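[1] Predicted model and sequence below, questions to follow.
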Amino acid sequence: MKKNLILAAAAFLAFGCQQKQAPQSIVRLATTTSVRDTGLLDVLNETFQKDGRYTLQAIAVGSGQAMQLGRTGEADILWVHSPDDEKKFVEEGFGTDRITFLHNDFVLLGPAADPAKVKGATKAAEAFRKIVSAKALFVSRADQSGTHKKELKVWDAAKVKPAGEFYLEAGQGMAGTLSVASEKKAYVLADRSTYLSMKKNIELEIVSEGDEALINRYSLILIPAAKFPKVNSAGAKAYYDFVLSKRAKEIIEGFGVEKYGQQLFFYDYAAK
Amino acid sequence: MEFILEGLRKGLHLILSGNPEIFAITRLSLSVSLLATALAVLAGVPLGGWIAVKKFPLKKLLIALVNTGMGLPPVVAGLVVMLFLARSGPLGFLDWLYTPKGMVIAQFIIALPIITALSISAMQSVDPKFYNQVLTLGASDWQAIRVCLKEMRLTIVAAVIAGFGRLVAEVGAVMIVGGNIRHQTRMLTTATVMETQMGNFDMAIAIGLVLLAVGFIVNLALTLIQQDKVLAR
């Protein structure tokens, strides 16, 4: 009886797993949670995989971790948003063909009551200063992601540092951090696209937006096969060309209008 | 309170309307955890039997290690498997990272000490005279262990229940090794974490309910097998 059970389980798995082993070339993309959580990745990947030549393995992590996956040749291509780190990454020879092709922006969110009276501040640094002087709670991603790096930059510009108990380090992705901030009635920096996709589930609203310093730029970076022989450079290039194509541009520019009532990502590249 | 009931209602609706994604995730979760349990039984039961009857130096230390392994934190198992399966790791040539195969390996490592330890104690609960008697009848070591293990099959089923229960509920290892990739390595547990973080409580509740149901159905089946054997005695 036990043997039957084991056999049944083995057969079930062999059957269950077979579908996943199509003899396609696997492309591993390391990207940021904002691209996945909004649903953009699903829509793009469906089109990319349609001709059956490639299977995309998209790992959604923070930009810091994504670049770490690039640094060890674990990923074939990166889609990240942490410009300073990206430049360093390419200078150090871990990536090539970096192209900044997309943007949206970050927004500062807070509870409707706005205890730090941030509303009306047009400069991000000014808003951050107000949060500190009002001793209001701020939740940080604290995960070396692009959003976290941007937040640190704004703190630098504000020339203040939030103190211990008023600064919560969530260590989670954007969605997880927003949930924490919402429950704690805290301020938080978020990319607009993730905010819009979660708006119905959280009790936070935009308290400051529109500062030039809050522009969020996304780039693609190829991982050189010369450095890491296991990298699928043909597959990575195919995905790179696909994202920079007119087809992808159309999908990206149309994305979000139906679901969120507005365009989430803005294409900056003259697609071919 | 209202949003909990609303989430529960929507969750039940998602299940009853046969949401294909939930179905696919359930299938993957079951496949991975059942296969990992089966492999752990194939390896752990004979291993446990052998450790129990053989005399060798540091035997007590080994048993202590196996017992410690029962509490192996899944995230540690996941981390180690991830480092080994990474392209730059020693088993990188397999290309198993972020695949169901990689998740099976990680879960196998979590289940193996549980099954082995329970098999050791089951084997040791069999009267040693019985084992020696079988040997004097001309059986080889392995044949004798097999006979004894057959005697304690009820306990083995209990070990399977304990192992599978741990695996199907485990999130840390499959998150690290599988990467929670949609349509590829998203499991019931990793999906629950993700949907909860996104604030999609209806989906999280639906998947959580499926997770509970899966655990119950598999355990029910195993318990029926076990109790049938009791009655057959």
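    Structure received.

[2] Can you name the residues that contact B:Ile207?
    Contacts were defined as CB atoms under 8 Å, 6 or more residues apart in numbering or on different chains; by that measure B:Ile207 touches B:Ile22, B:Ile25, B:Leu188, B:Ala191, B:Thr192, B:Glu195. No exception for glycine: its C-beta is placed from N, CA and C like everyone else's.

[3] Show me the residues you listed that map onto strands.
    Where the contacts of B:Ile207 are compared with strands, as defined by DSSP state E, there is no overlap at all.

[4] Provide the count of other residues in contact range of the spatially closest residue to A:Pro224 that is not a sequence neighbour.
    Spatially, and ignoring its direct neighbours in sequence, A:Pro224 is nearest to A:Thr96 (5.2 Å; CB to CB, 6 or more residues apart in numbering or on different chains). Using other CB atoms under 10 Å in any protein chain shown, A:Thr96 has 14 other residues around it.

[5] Residues of the stretch 151-272 of chain A that sit close to chain B?
    A:172-173, A:175-176, A:178-179, A:182, A:197-198, A:200-202, A:228, A:230 (CB under 8 Å from any CB of the partner chain).

[6] before we move on, back to that, quickly list what the residue nearest to A:Pro224 is bridged to.
    Beta-bridge partners of A:Thr96, counted by DSSP bridges, are A:Leu222.

[7] So it versus chain B, what's the distance?
    Using CB to the nearest CB, to the nearest Å, A:Thr96 is found at 18 Å from chain B.

[8] what's near enough to touch that residue?
    Residues counted as contacts of A:Thr96 (CB under 8 Å, 6+ apart) are A:Val90, A:Ile221, A:Leu222, A:Ile223, A:Pro224.

[9] which one of the residues you listed has the most neighbours?
    Ranked by neighbour count (other CB under 10 Å), these have A:Ile223 at the top, with 29 neighbours.

[10] Name the nearest residue to the residue in the stretch 151-272 of chain A that chain B sits nearest to, sequence neighbours excluded.
    Using CB to the nearest CB, the closest approach of the stretch 151-272 of chain A to chain B is made by A:Asn201 at 2.7 Å. If the residues on either side of it in the chain are set aside, A:Asn201 comes closest to B:Gly199, at 2.7 Å by CB to CB, 6+ apart.

[11] likewise A:Gly210?
    Counting by CB to CB, 6+ apart, A:Thr122 is the residue found nearest to A:Gly210 once chain neighbours are left out, at 6.5 Å.

[12] Now do that neighbour: how many residues are near it, please.
    That count, for A:Thr122 with other CB under 10 Å as the rule, works out to 10.

[13] and if you look at B:Met152?
    B:Met152 has 21 neighbours, counted by other CB under 10 Å.

[14] again, but for the one 3 residues further on
    Look at B:Thr155: counted by other CB under 10 Å, it has 18 neighbours.

[15] For it, which residues are in contact?
    By CB under 8 Å, 6+ apart, the contact list for B:Thr155 reads B:Leu118, B:Ser119, B:Ala122, B:Ser125.

[16] Which of the helices or strands spans it?
    Counting by DSSP states H and E, the element that carries B:Thr155 is helix B:153-168.

[17] for that helix, the distance to its chain's centre please.
    Between the centre of helix B:153-168 and the centre of its host chain there is 8 Å, according to CA atoms, centre = their mean, to the nearest Å.

[18] buried ones in that helix?
    Taking 16 or more other CB atoms under 10 Å in any protein chain shown as the neighbour-count basis, helix B:153-168 is seen to contain the buried residues B:153, B:155-168.

[19] do stretch A:135-145 as well
    Per 16+ other CB under 10 Å, stretch A:135-145 contains these buried residues: A:Ala136, A:Leu137, A:Phe138, A:Val139, A:Ser140, A:Arg141, A:Ala142, A:Asp143, A:Gln144, A:Ser145.

[20] how about residue 170, what does it touch?
    The chain I'm using is chain A. Applying CB under 8 Å, 6+ apart, one finds that A:Ala170 lies in contact with A:Val139, A:Ser140, A:Arg141, A:Ala142, A:Asp143, A:Gly176, A:Thr177, A:Val180, A:Ala181.

[21] hm, I was asking about chain B
    Under the criterion of CB under 8 Å, 6+ apart, the contact partners of B:Glu170 comprise B:Ser33, B:Pro74, B:Gln107, B:Ile110, B:Thr189.

[22] Three-state assignment for it, please.
    Look at B:Glu170: counting by DSSP: H, G, I helix; E, B strand; the rest coil, its state is coil.

[23] Check what pLDDT it gets.
    B:Glu170 is assigned a pLDDT of 95 by the prediction.

[24] separation between it and chain A?
    Distance, B:Glu170 to chain A, using CB to the nearest CB: 17 Å.

[25] ok so, going back, could you dump the contacts of A:Ala170 into TSV with distance to B:Ala40 and secondary structure added?
    Formatted as TSV, the entries for those read as follows, by distance: CB to CB, whole Å; DSSP: H, G, I helix; E, B strand; the rest coil:
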residue	distance to B:Ala40	secondary structure
A:Val139	41	strand
A:Ser140	41	strand
A:Arg141	37	coil
A:Ala142	37	coil
A:Asp143	34	coil
A:Gly176	32	helix
A:Thr177	37	helix
A:Val180	36	helix
A:Ala181	41	helix
